[in-house]
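S.K.: Sequence below, structure please.
(2 chains)
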Amino acid sequence: MARAESGTLGRRPAVGFVLPALVLIGVFLVFPALWTVYLGLTDYRLTGLAAADPQVVGAANYAEALGDERFRTSLWLTVQFVLGSAVLGQAVLGFAIAWALRDRRGPLKSLTEGLVLLAWILPSSVVAFLWIALLDRDGGTLNAILHTPGFAWLLDHPMASIIVFNVWRGTAFSMMLYGAALENVPPSHLETARLAGASTLQQLRDVVLPHIKGHVLTNLLLITLWTFNDFTAFQLTAGGPEGRSEILPVYIYNVAMSGGRLGFGAAVSFLVLVVNLVLAFGYLRLLRSRGEVRPS
Amino acid sequence: MIALRGLTKEFPGGVRAVDSLDLEIGDGEFFALLGPSGCGKTTLLRTIAGLETPTSGRIEIGGVDVTGTPPGRRDVAMVFQDYALFPHMDVTANIAYPLRIRKVPRAGREAKAAETASRLSLSELLDRRPGQLSGGQQQRVALARAVACHPKAFLFDEPLSNLDARLRLEARTFLKRLQRELAVTTVFVTHDQSEALALADRIAVMSAGRITQLGTPSEVFRRPATTFVASFIGSTPMNLLPGVAKDGVLRVAGAEFPLPDGAPEGEVLYGLRPEYADLTTREPGEKGAFPGKVAVVENLGTAHLVTLECTDHLLQVVVPEGAEPPPGTAAWAVPRPGRALLYRDDTLVGGA
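M.R.: As a prediction, the model looks like this:
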């Protein structure tokens, strides 16, 4: 079958079809990545002498980054951001909404899904502006609702603000993914558990989770990577105040663009890439081992 | 005992799946809910289980009103059509699952699972996962899970319909023996009349959310209360021929019978099971036979189903092996005395 297909298409036309895509990927993805690796080994700067004639400094950038207090704080903030807004926030909230809406029909379901989706499809600059309007110290909506005039949410609780913001913004994806996953859970299995007297938590543990394990891993992989690399928070706090919400993408921007140290920024970017790869491999291994355990 | 009083289940949109239904099912009874798809039998079973909330009416199980009780506290066990075995648990864990929810210690529930499994000849399979079992084995594991927790009642939703034809007969016998041994009140839903006849102590034939007829298999088979039941029960459908009763004589499709006492006059439907008539190729002297020409002969294995073309109507007769006439010959169908039924307005009005 496969033989017949490759026979009808032939090697040359196949290469011809794939080549344009490969060229695009090469030019816009592979080359910049390799270029970043190269830049990370230099003292390349935005301005000055090193901009005209960058020198290769070897692993000095990496050594500096790993020894830098600001980098390590930023890494720790990113871990908080990912665990708080992606794993605990988006995944748990998205699942909760999908579970609550699973058997419902009609306007309530459409309305909830519509609102959650809206948060996801709005352009990030618009969303950031909306949230600044919500959290503003003087004219903010939240202060008006809570009767707490003058409370500076973004200054006093910058991490909490961007975590809540990212949960609000990204829950839709998890909700939709879990909504689709829950359709795969046979109703008779849930009903068998109910007839045995299982509580909702026991039903989730014994019936739902085993059925949607693969979906959970895929969801966590994707939202972890997205959140790890998310830059939208910059539009809310720009990493401040005093770097208290400076997650890694923001840190890289601040160092490379504002600070002008392109070489150092490239080195940190490469470190982020390595972390992402490690995360992705971890999840994929889990997914694969799950596949082996299943019989037939 | 399971008692249903004025039970109604209406779905949003106004569909009445169960319509003010009254029913009492005795202790240890094997009870069949039989009907075509969409008649409300599965909804009724699910309402007894507590998976559907009735719109009105009451449900009692063992003398206790359970109308508002959640399914887990009704002490019933249900076996679903797809068996609903948990794919990530082995057979032991599946059988012991209800016991685990009831916080029976591990050793106790595993012993119980092993004991139940040996009773259902599953001992060899305790470590397997459902994906490694055949359809018949899966069904027995599902039964074992229901049996292991000693419920007040079993509820089976189409228990045999996912098995292939040969296995189904075997499983049917097995199921009947198991129910007899356990003597637990059992309600099962089926669309297969032969299954209901073979298994049940009593059958409720349902149509449009109501019970059309309630009775033992032989009652339902011999004296169907309506033409709907008459045409639904029996592996070969009952012959239903229009006739006229006048001046003490019943005229149907070229045959004449004396009208039995008490039978009303006027237009009637004459019902005769193909099994309850004899076919002869020699003209009988009397008028109480249907004259016709053999149109089709179908082989049923040990018998033949002969379709006779009478005046304006077709009549089917089951003829024993070797006695079937070739198509085209003239033949007479003689009903056995006392086996024919008369219907008026779809309701049974007497025998003939």
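
S.K.: How many neighbouring residues does B:Leu85 have?
M.R.: 25 (other C-beta atoms under 10 Å in any protein chain shown). Where C-beta positions appear, they are placed from N, C-alpha and C, glycine not excepted.

S.K.: That one contacts B:Ile95, correct?
M.R.: No. Applying C-beta atoms under 8 Å as the test, B:Leu85 and B:Ile95 come out as separate, 9.6 Å apart.

S.K.: Just the closest residue of chain B to chain A, please.
M.R.: B:Gly72 (3.0 Å; C-beta to the nearest C-beta).

S.K.: I'd like to know how many residues surround that residue.
M.R.: So B:Gly72, with other C-beta under 10 Å, has 19 neighbours.

S.K.: ditto for B:Lys103
M.R.: B:Lys103: 7 surrounding residues under other C-beta under 10 Å.

S.K.: quick one on the thing from earlier: give me the common contacts of B:Leu85 and B:Ile95.
M.R.: Taking C-beta atoms under 8 Å, 6 or more residues apart in numbering or on different chains as the contact rule, B:Leu85 and B:Ile95 both touch B:Val141, B:Arg145.

S.K.: what helix or strand is B:Ala243 on?
M.R.: That one is not Ala; residue B:243 is Gly. Using DSSP states H and E, B:Gly243 sits within strand B:239-246.

S.K.: now for the next helix or strand after that strand, which elements pack on it?
M.R.: Per DSSP H and E, the first helix or strand lying C-terminal to strand B:239-246 is strand B:249-252. Under the contact definition 3 or more C-beta pairs under 8 Å, 6 or more residues apart in numbering or on different chains; DSSP states H and E, strand B:249-252 sits against strand B:239-246, strand B:255-258, strand B:266-272.

S.K.: Those: lowest mean pLDDT?
M.R.: Lowest mean pLDDT within those: strand B:255-258, a mean of 86.

S.K.: who touches A:Phe228 in this structure?
M.R.: With contact taken as C-beta under 8 Å, 6+ apart, A:Phe228 is in contact with A:Thr78, A:Val82, A:Leu248, A:Val272, A:Val275, A:Asn276, A:Leu279.

S.K.: Name the nearest residue to the second one, ignoring sequence neighbours.
M.R.: Nearest in space to A:Val82, with sequence neighbours left out and distances taken as C-beta to C-beta, 6 or more residues apart in numbering or on different chains, is A:Thr227 at 4.9 Å.

S.K.: can you tell me the helix or strand for the one you found?
M.R.: Short version, using DSSP H and E: A:Thr227 is in helix A:209-228.

S.K.: Buried residues, that helix. List them.
M.R.: Within helix A:209-228, the residues that count as buried by 16 or more other C-beta atoms under 10 Å in any protein chain shown are A:210-213, A:215-225, A:227-228.

S.K.: Neighbours of A:Gly26, how many?
M.R.: 11.

S.K.: B:Pro224 too?
M.R.: Around B:Pro224 there are 25 other residues, counting by other C-beta under 10 Å.

S.K.: Ramachandran coordinates for B:Thr47?
M.R.: Dihedral pair for B:Thr47: phi -70, psi -40, per degrees, to the nearest 10.

S.K.: Point out the residues in chain A that sit beside chain B.
M.R.: Residues of chain A lying near chain B by C-beta under 8 Å from any C-beta of the partner chain: A:186, A:188-189, A:191-198, A:202, A:206-207, A:210, A:294-296.

S.K.: so what secondary structure elements neighbour the helix of greatest length in chain B?
M.R.: Longest helix in chain B by number of residues, with DSSP state H as the criterion: helix B:165-182. Applying 3+ C-beta pairs under 8 Å, 6+ apart, we find helix B:165-182 packed against strand B:30-34, helix B:135-148, helix B:193-199.

S.K.: any chance of these in TSV, plus mean neighbour count, mean pLDDT and distance to A:Asp103?
M.R.: Shown next, in TSV, are these (neighbours: other C-beta atoms under 10 Å in any protein chain shown; pLDDT from 0 to 100; distance: least, C-beta to C-beta, whole Å):
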stretch	mean neighbour count	mean pLDDT	distance to A:Asp103
strand B:30-34	25	94	25
helix B:135-148	24	92	24
helix B:193-199	21	92	31
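
S.K.: Output the ones you listed as TSV; include the columns distance to B:Val317.
M.R.: Putting the helices and strands packed on helix B:165-182 into TSV (distance: least, C-beta to C-beta, whole Å) gives the following:
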stretch	distance to B:Val317
strand B:30-34	26
helix B:135-148	36
helix B:193-199	20
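
S.K.: Low-confidence ranges, chain A, go.
M.R.: A:1-7, A:290-296 (pLDDT under 70).

S.K.: could you pull out the strands for it?
M.R.: Using DSSP state E, no strands are found in chain A.
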